[in-house]
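Enquirer: Just to be clear, the model below is a prediction. Sequence and coordinates:
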Amino acid sequence: MARSTTGHPSPTQAAHPAMRAMLLGALGVVFGDIGTSPIYAFRESLRTATGQGIPADEAILGTVSLILWSVTLVVAVKYVVFVMRADNDGEGGTMALLSLALPAAGRFRPILLPIGLAGAALFFGDAMITPAISVLSAVEGAAVAAPALQPYVVPSALAVLAALFLIQSRGSGGVGRLFGPIMAAWFLTLAGTGLWHVLDHPGILAAIDPRHALRVVGTGGGFAALGSVFLAVTGGEALYADMGHFGRPAIRLDWFSIVMPALVLNYLGQGALALTDPDSLADPFFHLFPAFLLFPAVGLATAATVIASQAVISGAFALVQQAIQLGVLPRLEVRQTSEESAGQVYVPQINWLLALAVFGLVLGFRSSEALANAYGIAVAGDMLVTTILVALVAHARWGFRLAWVLPVAGLFFALDLGFVAANLHKIPDGGWFPLVTAAIALTLLLTWIRGRAILLEHRDEDTAELPRFLEGLASAGAVARVPGTAIYLTTRQGLVPGALALNLKHNGVLHERIVLLTVKGERVPRIPDAERLQIEPLGHGFCRVLLRFGFAERPSVLPALEQCREALGFDPATASWFLGREVPVPSMRPDLPAWQERLFAFLTRNAVGATDYFGIPVSRVVELGTRVEM
């Protein structure tokens with residue numbers, strides 16, 4: 001359905017020749033979410049199916065079949081084969097995909113932007129629930145081995161999660177190297193325990209026949225089971241979101257050679273155990289292990305679920321960085337955590353926001369069974385949005401004919417729509433939480449976009465045109481010039497920067513050399529150094545400089561300018577920087593509703609300043625504020 005626009009490897013892929021390390025790192029970060037689904041997905045799916053009155057043996061075969069074919073179609077075929085081809089120079093995720101789709105949207109752009117942002121917002125709902133349900137489900141295994149430990153499940157889960165969020169500043173690459181061997185052991189354990197029980201009861205292999213899945217779905221209560229079966233494919237979207245961290249080849253090779261075989265064997269093994277031992281139905285995953293291995297299994301499962309949380313957390317960091325660079329989110333502190341990959345970042349504010357939400361979910365729901373009612377609908381919505389965006393990119397950007405796009409996209413759209421519908425019954429029992437979270441995130445994004453556009457429009461209403469201003473500098477009685485270089489950040493190339501106008505108004509002088517600097521975020525992940533900077537002399541000591549950064553790069557302005565010191569003709573470190581700060585204030589004739597005005601003002605106040613975000617030396621910065629009516 002989608003193809004890469006170039007035959008060359010992406011920058012992310014080319015930058016990592018040590019494929020073995022990339023495979024291990026990807027195994028440690030990317031597959032944690034979907035790799036720990038066997039702990040709870042089969043249990044909850046079977047519980048739902050039998051609760052709808054489906055006979056036990058038929059429910060077991062049908063549930064296993066549904067899970068196997070869901071993993072195959074949604075994760076293996078849709079995401080790994082098709083969606084991961086829709087990379088934006090090696091980067092994946094909703095924002096990267098949206099940046100590909102928007103230029104091709106044409107007149108549908110005003111509709112597509114909110115749809116794409118809604119997908120990103122739904123991903124945040126997933127990023128909050130995944131750590132809570134994954135870690136809780138693993139720690140609950142201790143209560144299976146020793147019921148007296150039940151009161152300690154929630155405190156233990158909170159302690160594990162606290163440790164996870166505390167180590168995020170090390171970066172996903174470092175975490176991947178730490179967790180890679182653990183996940184390798186985890187998938188080997190999944191495969192081994194599953195194969196053991198399959199050999200004990202090979203009749204479970206009949207579940208590979210999709211007719212068992214269709215038979216369960218066709219029953220009156222089988223459709224409800226589909227909502228629980230979806231728990232087995234959550235994490236598929238994280239494969240795409242984390243593609244920029246480790247590259248497409250490493251993720252694909254890990255999936256088809258290690259992850260998918262281990263998942264298939266384990267789900268078959270749980271089904272085989274359920275057919276032979278009805279007492280195992282309460283928690284079939286942990287009953288796969290003999291009694292003397294149960295506590296080691298709980299320890300390994302806990303470590304694996306910590307890694308499961310890492311997959312969506314690192315994906316959330318990448319998503320936020322991309323959103324900031326694309327201008328749909330206020331500037332936040334973004335720390336680069338790897339010298340090798342631009343996709344590996346840490347966002348402190350998002351890390352602690354996620355931590356608070358996850359702790360609240362654990363304390364509020366207190367069990368993985370209760371959290372399963374809240375889990376799935378946000379991921380299903382995100383997957384539905386992904387299908388729409390990839391179909392548009394495949395047709396409008398890469399030129400695939402509708403005769404090819406529509407059947408493939410239609411199949412995936414029907415699957416996604418079915419999973420969304422099957423998860424709707426979860427809304428009253430907790431599914432409202434990720435939807436409310438997504439609605440809040442989408443409101444913030446749309447308010448920022450609209451408010452920023454209005455702010456810049458009103459700020460520039462009475463601004464002088466730059467060509468006319470420059471002509472006035474040659475006339476008699478022109479403003480006095482003083483030695484030195486002044487750099488003014490500006491977003492509008494044809495107008496006099498507001499900070500320059502304020503400086504001239506209050507101080508009455510101009511520096512002999514004026515640089516009008518525009519920092520532009522592009523819709524590609526990275527910009528080659530040779531194409532990063534453009535210089536245009538304007539006369540009268542003025543020049544216009546355009547600095548371009550990709551959405552996966554940190555916009556470090558000073559190092560970029562210092563690389564072109566000769567072309568600029570001055571040392572950027574010795575220049576004076578003049579920055580404008582717009583302060584939104586209420587208007588008698590507002591363009592935004594009052595609540596949005598207050599929300600936008602709050603976002604503006606709490607955004608990271610240009611000095612910190614662009615890495616400008618504080619000692620050489622002069623900020624000039626202006627009040628702008630909204």
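Expert: Looks like it arrived, so ask away.
Enquirer: Residue 329: what's it in contact with?
Expert: Applying C-beta atoms under 8 Å, 6 or more residues apart in numbering to residue 329 gives the contacts 320, 323, 444, 445, 448. Using the backbone N, CA and C atoms, a C-beta is placed for each residue, glycine as well.
Enquirer: who wins for neighbours among those residues?
Expert: Neighbour count (other C-beta atoms under 10 Å) singles out residue 323 as the most crowded of the contacts of residue 329, with 23 neighbours.
Enquirer: ok, and that one, which helix or strand is that part of?
Expert: helix 294-325 (DSSP states H and E).
Enquirer: Check the gap between the nearest residue to residue 297 once chain neighbours are set aside and residue 201 for me.
Expert: Leaving aside its chain neighbours, residue 297 sits nearest to residue 289 (4.5 Å; criterion: C-beta to C-beta, 6 or more residues apart in numbering). Computed as C-beta to C-beta, to the nearest Å, the residue 289 to residue 201 distance reads 16 Å.
Enquirer: More neighbours: the two, which one.
Expert: More crowded of residue 289 and residue 201, by other C-beta under 10 Å: residue 289, with 21 against 17.
Enquirer: Over to the more buried one. Which of the three states is it?
Expert: Look at residue 289: counting by DSSP: H, G, I helix; E, B strand; the rest coil, its state is coil.
Enquirer: quick one: it from residue 141, how far?
Expert: Distance from residue 289 to residue 141, by C-beta to C-beta: 9 Å.
Enquirer: any common contacting residues for the two?
Expert: What both residue 289 and residue 141 touch, as defined by C-beta under 8 Å, 6+ apart, is the set residue 297.
Enquirer: and stretch 77-94, how far out from the chain's middle?
Expert: Relative to the centre of its chain, stretch 77-94 is centred 13 Å away, using C-alpha atoms, centre = their mean, to the nearest Å.
Enquirer: Tell me the span between the first and last residue of it.
Expert: 18 Å (C-alpha to C-alpha, to the nearest Å).
Enquirer: Give me the buried positions along that stretch.
Expert: 77-80, 82-94 (16 or more other C-beta atoms under 10 Å).
Enquirer: likewise stretch 146-161?
Expert: Quick answer for stretch 146-161 (16+ other C-beta under 10 Å): 149, 153, 154, 156, 157, 158, 160, 161.
Enquirer: Settle this for me: the first one is touching residue 142, isn't it.
Expert: Same thing as residue 149. Yes: using C-beta atoms under 8 Å, residue 149 is in contact with residue 142, at 4.7 Å.
Enquirer: Quick one: name whatever helix or strand follows the helix of greatest length in the chain.
Expert: Counting residues, the longest helix found in the chain (DSSP state H) is helix 109-145. Downstream of helix 109-145, the first helix or strand assigned by DSSP H and E is helix 153-166.
Enquirer: Kindly export that next one (C-alpha atoms) in CSV.
Expert: In CSV, the C-alpha atoms belonging to helix 153-166 read as follows (Å, rounded to 0.1, in the frame of the first residue of the first chain):
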residue,chain,number,x,y,z
VAL,A,153,0.7,-6.3,44.6
VAL,A,154,-0.2,-2.7,44.3
PRO,A,155,2.7,-1.3,46.4
SER,A,156,5.1,-3.5,44.5
ALA,A,157,3.8,-2.4,41.2
LEU,A,158,4.1,1.3,42.2
ALA,A,159,7.7,0.7,43.3
VAL,A,160,8.6,-0.9,40.0
LEU,A,161,7.0,1.9,38.0
ALA,A,162,8.7,4.6,40.0
ALA,A,163,12.1,3.0,39.2
LEU,A,164,11.2,2.9,35.5
PHE,A,165,10.3,6.6,35.2
LEU,A,166,13.5,7.5,37.2
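Enquirer: Can you tell me which helices and strands that helix packs against?
Expert: helix 109-145, helix 294-325, helix 348-365 (3 or more C-beta pairs under 8 Å, 6 or more residues apart in numbering; DSSP states H and E).
Enquirer: Which one of these lies nearest to residue 422?
Expert: helix 109-145 (16.1 Å; C-beta to C-beta).
Enquirer: What residues sit buried inside the closest one?
Expert: 112-113, 115-145.
Enquirer: what do you get for stretch 578-587?
Expert: For stretch 578-587, by 16+ other C-beta under 10 Å, it's 578, 579, 580, 582, 584.
Enquirer: Thanks a lot, see you next time.
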